[in-house]
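J.: please find the sequence and the predicted model below.
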Amino acid sequence: MLHCSLAHGGAWRGLSAQFEGKFTFDAPDFLSHGRSAMWDGKGSYHDACTAVAKSFLSDEPIDLVGHSFGATVALRLALDAPERVRSLVLIEPVFFAVALADDPDFVSDMSALEEVLTNEGRHAATKAFLGQWGGGLPWAMMPKETQDDMASRIQVIIDAGPALYEDTAGMLAEGRMQALDMPVLLLRGSQSPHVVETINAGLARRIPAAQTGAIEGAGHMAPISHPKECAAQMRAFWNL
């Protein structure tokens, strides 16, 4: 289970608890998150996080679940090592390169976040980011320690940009997604930014065995805010 940006593996506790011990869940922390080391800033952040996640793959095929940024890493793992992935659940994947390819009206907002970070600092940039992609406590209600912790890591959002917007990993290369043959579930919150629906629809058109679903009333943080509803769709997908 691969978490979203500015979170950690513990974010999956609510969702994993819905399965009452029927599975063994591994939920690593990405670099600069949780108990993992800070990223050194060398090379590609997406490459580095993919390498961390790949180290958790077993020799036997596994069921791979990812949320937001973590969903883009999960997709990359499935493309790189399909023989090691039995099924794939992508919740709110922020693979904006799909929207850029499919929707002529979609405009990247990464430059706006970079501008806030440069001109107003880390805390203002983190508040702006969570305003669009959060879904938990409002910024003003968060403990200062939480604000400081998230703000200290906001740079990784910028560092992940090339992989998410420019597809530097080549995930959209002709034939790659079309070759995936494992079952794939694409989930989104019904109240999420419209671009997520565009991304999921674009992925579903490219992945032969993909199916889509929506969590009513949920936003981008669906697996945290609506764990029971997410689990219900995953159970149906896994035929439990």
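T.: In hand now; what should we look at? Residues are numbered from 1 along each chain as shown.
J.: show me what contacts residue 181?
T.: Listed by Cβ atoms under 8 Å, 6 or more residues apart in numbering, the contact partners of residue 181 are 82, 208-209. In this view, the C-beta of every residue, glycine as well, is placed from N, C-alpha and C.
J.: how about the most centrally placed residue in the chain: what's its closest non-neighbour residue?
T.: Centroid check for the chain by Cα atoms, centre = their mean gives residue 68 as the closest residue, at 2.0 Å. Nearest non-adjacent residue to residue 68, counting by Cβ to Cβ, 6 or more residues apart in numbering: residue 4, 3.5 Å away.
J.: and that neighbour, that's in a strand?
T.: No: secondary structure of residue 4 (DSSP: H, G, I helix; E, B strand; the rest coil): coil, not part of a strand.
J.: surely it touches residue 70?
T.: Yes: using Cβ atoms under 8 Å, residue 4 is in contact with residue 70, at 5.7 Å.
J.: looking at these two, which one has more neighbours?
T.: When residue 4 and residue 70 are compared for neighbours, residue 70 comes out ahead with 31 against 23, by other Cβ atoms under 10 Å.
J.: that one touches residue 2, doesn't it?
T.: Yes: Residue 70 is within contact range of residue 2, at 3.2 Å (criterion: Cβ under 8 Å).
J.: now rank the contacts of residue 181 by neighbours and give me the top one.
T.: residue 82 (15 neighbours).
J.: ok now stretch 182-189, how far from the chain's centre?
T.: 12 Å (Cα atoms, centre = their mean, to the nearest Å).
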